[in-house]
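Enquirer: Build me a model from this:
(chains A, B, C and D)
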There are 2 protein chains.
Amino acid sequence: MEKDNTYFGVKEIARRANVSIATVDRVIHNRTGVSEKTKRKINEIIKELDYQPNILASRLASRKIISLAVLLPKVSPETDFWEAPLKGIDRAQQEIKKYGVQVSTFLFDLNDHKSFSEQTKLILEGTFHGVLLAPSFVDESREFAKACNKLKIPFTFIDSDIPDQENLAYIGPHLFQSGYVGAKLLTYRLKEKHKVLVVNISKETDTYNYLQIEEGFRSYFKDNSLPGEIIRVDIKDTDNLSVTRDLKRILHTNEDIEAIFVTNSRVSAVASFLEKNKRGDISLIGYDFLKENVRYLNEGLIDFLICHKPEEQGYRGLMALYQTLVLGSAVEKVHFMPIDIITRENQAFYQN
Amino acid sequence: MEKDNTYFGVKEIARRANVSIATVDRVIHNRTGVSEKTKRKINEIIKELDYQPNILASRLASRKIISLAVLLPKVSPETDFWEAPLKGIDRAQQEIKKYGVQVSTFLFDLNDHKSFSEQTKLILEGTFHGVLLAPSFVDESREFAKACNKLKIPFTFIDSDIPDQENLAYIGPHLFQSGYVGAKLLTYRLKEKHKVLVVNISKETDTYNYLQIEEGFRSYFKDNSLPGEIIRVDIKDTDNLSVTRDLKRILHTNEDIEAIFVTNSRVSAVASFLEKNKRGDISLIGYDFLKENVRYLNEGLIDFLICHKPEEQGYRGLMALYQTLVLGSAVEKVHFMPIDIITRENQAFYQN
DNA sequence: TATATTTGCGGGTACGTACCCGAACTCATT
DNA sequence: AATGAGTTCGGGTACGTACCCGCAAATATA
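Expert: Residues are numbered from 1 along each chain as shown, chains lettered A, B, ... in the order given. Here you go, the predicted model:
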């Protein structure tokens, strides 16, 4: 049971071109020192043989390491959402470190634009071959993208996208459609006329995401010409006390609210409120497979969670860089994550 | 930016043990020709250094190929469900062929027990290092499992499990829970009292799967003490004509059926019937992300599809064999797939 | 005791690629 | 014609592991 020898490597190319392996190697890595003529000839043979470099041998022989930077929000005390991408990144790292890939992680504070800029500065000062980031702050991210492009450092977005930044890839949700799915689930069993509440709990930071989700949410109502009313509330102070206060006020003035849609992972704060105020009758939908959220899902206070595989986003994001930088193969420019629907019944087998 | 040299390989082990690399190699592959004393010493050093072999170098140096067998049902004219696992297997194959892994595919007819046995015989006659199979026929699979165990050939089940066969892994759905989810979705917007129909369309072959799903389905009703009636029907002739005939009969005698649950991918046959008979009012849930099914989902005739990532089952199944045979690392004995819920709204981004 | 066999081990080459170290060759300038 | 700089290229070694070949010592057989 021997390996088949139908394989063509640099040796064969060299033989056919009547040059040495070293010359072929120069052409492959388009280094200098090869005449145009020889280069053309070798490139022809490469194409003819459909030469695929042996990554094993390549990485084995290379003494270089490839270092990647990761820029993500810190895990905040209020939500551990960002643990998941980190976990995925770690998994990818474990998988590819044997090929000489090194990963450095940089964290910024979602409540502090400056911390983001500081970290990007650090990254630009280091010598990284690629960057994976969550572009939570649009302006700052644009600036960073420009700098990376100038330095020819490829970078990948996860979690949310900023169009036209010449990024290598975007791996994350289609936010509009995600809101659309939320609306479908929320209204699936509602009566004809209904009153729903959209809650956005965040310190104004990632309003970018939020807007797209709400747009999708409202579009579902429009597309299906559903009557009824959509109320929205922004809760800027993300501590439980503020959430409670604001919700109490809203529900007081709108007693007939049947369902609540929370636009991010902070849905557990709303669930907690509903539980304390004995309003389990209200349907509740929100985002992300966090422990707290799953607990309320199992208690029946949350009806559905929507999730975009944050762990896989991290994993795929890093692997996209690996693919271009190490394997030299192309990656999809945009890869939308599935819009996963999680209920009490299927949560046990969910893969984040 | 050089690779760090904190790495310890066979060379270092050999140096510390005052033996040659070849001797270390013998111990690592527990080949003969090493005295007990030397072996013990080397093993100690290996443990001490936590030696991790370099797979790159290992596979590069090895002239051996590893050949795997895959045994799956043929794609039938009535459902192309089995295309998906094959696709996943192909993807895995592409990924690992560079490490000297070869895959041979064997197909059997889901309507013919004998064809299964024939193919297993062929596999046993070949010299394969591992097998991936869908154990659609329980008795025949048990027998095959026994033979594999005797030959010490590891094998992995996908799609459905048979307990206690000393298989390397099972990668597939938790069927009971999947039926449970189906019931949840089916009843989510139904009135208090309801009448639902469970339809099983199959030629008696994979009743094993079916029974577990139905058990889960019924359990949901019991656990939530839902009143109402569950009717079931078996349709043994899987052509559209027979399906139409049987459904017509049932719906005639049970005019007040509100929802139908189809236990496998043949749900499109039911959707087609409902469409022709203008019974779009009936909720319909079934299995699998097939083109036909998605079409009816988009037309609104199917409310939900449940799906267990068949492509990923194939992919992971093959990778499990790769992991044990090539990397020599352990794999989970049982890996349940998520129970994915697909609607018209999120289908566009589903990853099969 | 002489000879054959087994056991234990080291030397060395190969896997396919990367890359260093020069060698040879071209061409312009003295 | 000699010198030098630049260009183009080949030889050779290394990456970490697998495994063949063959040698010496230990043991068995005569």
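
Enquirer: Show me what the most centrally placed residue in chain A bridges to in the sheet.
Expert: Closest residue to the average C-alpha location of chain A: A:Ile158 at 2.7 Å, with C-alpha atoms, centre = their mean. Beta bridges link A:Ile158 to A:Ile171 when assigned by DSSP bridges.

Enquirer: hang on, it packs against A:Ala134?
Expert: Yes: between A:Ile158 and A:Ala134 there is a contact at 5.6 Å, judged by C-beta atoms under 8 Å. (C-beta placed from N, C-alpha, C; glycine too.)

Enquirer: Pull up the overlap in contacts between the two.
Expert: Common contact partners of A:Ile158 and A:Ala134 (C-beta atoms under 8 Å, 6 or more residues apart in numbering or on different chains): A:Pro85.

Enquirer: give me the element the residue of chain A found nearest chain B is part of.
Expert: Across chain A, no residue is closer to chain B than A:Arg189, which sits at 3.5 Å (C-beta to the nearest C-beta). Per DSSP states H and E, A:Arg189 falls between elements, in no helix or strand.

Enquirer: contacting residues around the closest residue to it other than its chain neighbours?
Expert: Closest residue to A:Arg189 apart from its sequence neighbours, by C-beta to C-beta, 6 or more residues apart in numbering or on different chains: B:Arg189 at 3.5 Å. For B:Arg189, the contacting residues are A:Tyr188, A:Arg189, B:Ser283, by C-beta under 8 Å, 6+ apart.

Enquirer: Kindly report the domain assignment for chain A.
Expert: For chain A, automatic domain parsing gives the domain ranges A:10-53, A:66-173+A:310-338, A:175-307.

Enquirer: As JSON lines, these with distance to B:Ile13 and mean pLDDT would be great.
Expert: Shown next, in JSON lines, are the domains of chain A (distance: least, C-beta to C-beta, whole Å; pLDDT from 0 to 100):
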{"stretch": "domain A:10-53", "distance to B:Ile13": "30", "mean pLDDT": "90"}
{"stretch": "domain A:66-173+A:310-338", "distance to B:Ile13": "18", "mean pLDDT": "91"}
{"stretch": "domain A:175-307", "distance to B:Ile13": "43", "mean pLDDT": "91"}
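
Enquirer: could I get the ones you listed as CSV with distance to B:Pro73?
Expert: Shown next, in CSV, are the domains of chain A (distance: least, C-beta to C-beta, whole Å):
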stretch, distance to B:Pro73
domain A:10-53, 33
domain A:66-173+A:310-338, 26
domain A:175-307, 32
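
Enquirer: quick one, which of these is nearest to DNA strand D?
Expert: Smallest distance to DNA strand D across the domains of chain A (C-beta to the nearest atom of the strand): 3.2 Å, for domain A:10-53.

Enquirer: Is there proximity between that closest one and DNA strand C?
Expert: Yes: using C-beta under 7 Å from any atom of the strand, domain A:10-53 reaches DNA strand C at A:Val10, A:Lys11, A:Ile21, A:Ala22, A:Asp25, A:Ile28, A:His29, A:Tyr51, A:Pro53.

Enquirer: Once you drop chain neighbours, what's closest to the second one?
Expert: By the measure of C-beta to C-beta, 6+ apart, the closest residue to A:Lys11 outside its immediate chain neighbours is A:Ile21, 6.1 Å from it.

Enquirer: Please enumerate the strands of the stretch 201-350 of chain A.
Expert: A:229-235, A:259-262, A:283-287, A:304-307, A:334-336, A:340-342 (DSSP state E, counting those that start in this stretch).

Enquirer: Show the end-to-end separation of stretch A:30-44, please.
Expert: End-to-end distance for stretch A:30-44, by C-alpha to C-alpha, to the nearest Å: 14 Å.

Enquirer: Is that stretch positioned near DNA strand D?
Expert: Yes: Stretch A:30-44 lies within reach of DNA strand D by C-beta under 7 Å from any atom of the strand, at A:Thr32, A:Gly33, A:Val34, A:Ser35, A:Glu36, A:Lys37, A:Thr38, A:Lys39.

Enquirer: Could you do stretch A:85-102 as well?
Expert: No: shown here: stretch A:85-102 not in contact with DNA strand D (C-beta under 7 Å from any atom of the strand), separated by at least 9.9 Å.

Enquirer: Report how many residues lie close to A:Phe81.
Expert: Neighbour count of A:Phe81, defined by other C-beta atoms under 10 Å in any protein chain shown: 21.

Enquirer: can I assume it is in contact with A:Ser265?
Expert: Yes: at 4.6 Å, A:Phe81 counts as touching A:Ser265 under the criterion of C-beta under 8 Å.

Enquirer: any common contacting residues for those two?
Expert: A:Asp288, A:Leu290.

Enquirer: Give me the distance from stretch A:49-68 to the chain's centre.
Expert: 27 Å (C-alpha atoms, centre = their mean, to the nearest Å).

Enquirer: What is the end-to-end distance of it?
Expert: 33 Å.

Enquirer: got a list of what the residue lying closest to A:Gly179 once chain neighbours are set aside touches?
Expert: Nearest residue to A:Gly179, sequence neighbours excluded (C-beta to C-beta, 6+ apart): A:Gly216, at 2.9 Å. By C-beta under 8 Å, 6+ apart, A:Gly216 lies in contact with A:Leu175, A:Phe176, A:Gln177, A:Ser178, A:Gly179, A:Tyr180, A:Val181, A:Gly182, A:Ala183.

Enquirer: ok, the residue nearest to the centre of chain A - contacts?
Expert: Here A:Ile158 is in contact with A:Pro85, A:Leu132, A:Leu133, A:Ala134, A:Tyr170, A:Ile171, A:Gly172, A:Gln313, A:Gly314, A:Arg316, A:Gly317 (C-beta under 8 Å, 6+ apart).

Enquirer: Show me these that map onto helices.
Expert: A:Pro85, A:Gln313, A:Gly314, A:Arg316, A:Gly317 (DSSP state H).

Enquirer: Return the residues in contact with the second one.
Expert: Right, the one you point to is A:Gln313. Per C-beta under 8 Å, 6+ apart, neighbours of A:Gln313: A:Pro85, A:Gly88, A:Ile158, A:Asp159, A:Ile171, A:Gly172, A:Met337.

Enquirer: Give the closest residue to it in space, chain neighbours not counted.
Expert: Using C-beta to C-beta, 6+ apart, the closest residue to A:Gln313 is A:Ile158 (4.4 Å).

Enquirer: okay if I get the contacts of A:Gly216 as CSV plus distance to B:Pro227 and neighbour count?
Expert: Converted to CSV, these look like this (distance: C-beta to C-beta, whole Å; neighbours: other C-beta atoms under 10 Å in any protein chain shown):
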residue, distance to B:Pro227, neighbour count
A:Leu175, 40, 24
A:Phe176, 40, 15
A:Gln177, 37, 20
A:Ser178, 35, 27
A:Gly179, 35, 28
A:Tyr180, 34, 24
A:Val181, 30, 26
A:Gly182, 30, 27
A:Ala183, 30, 28
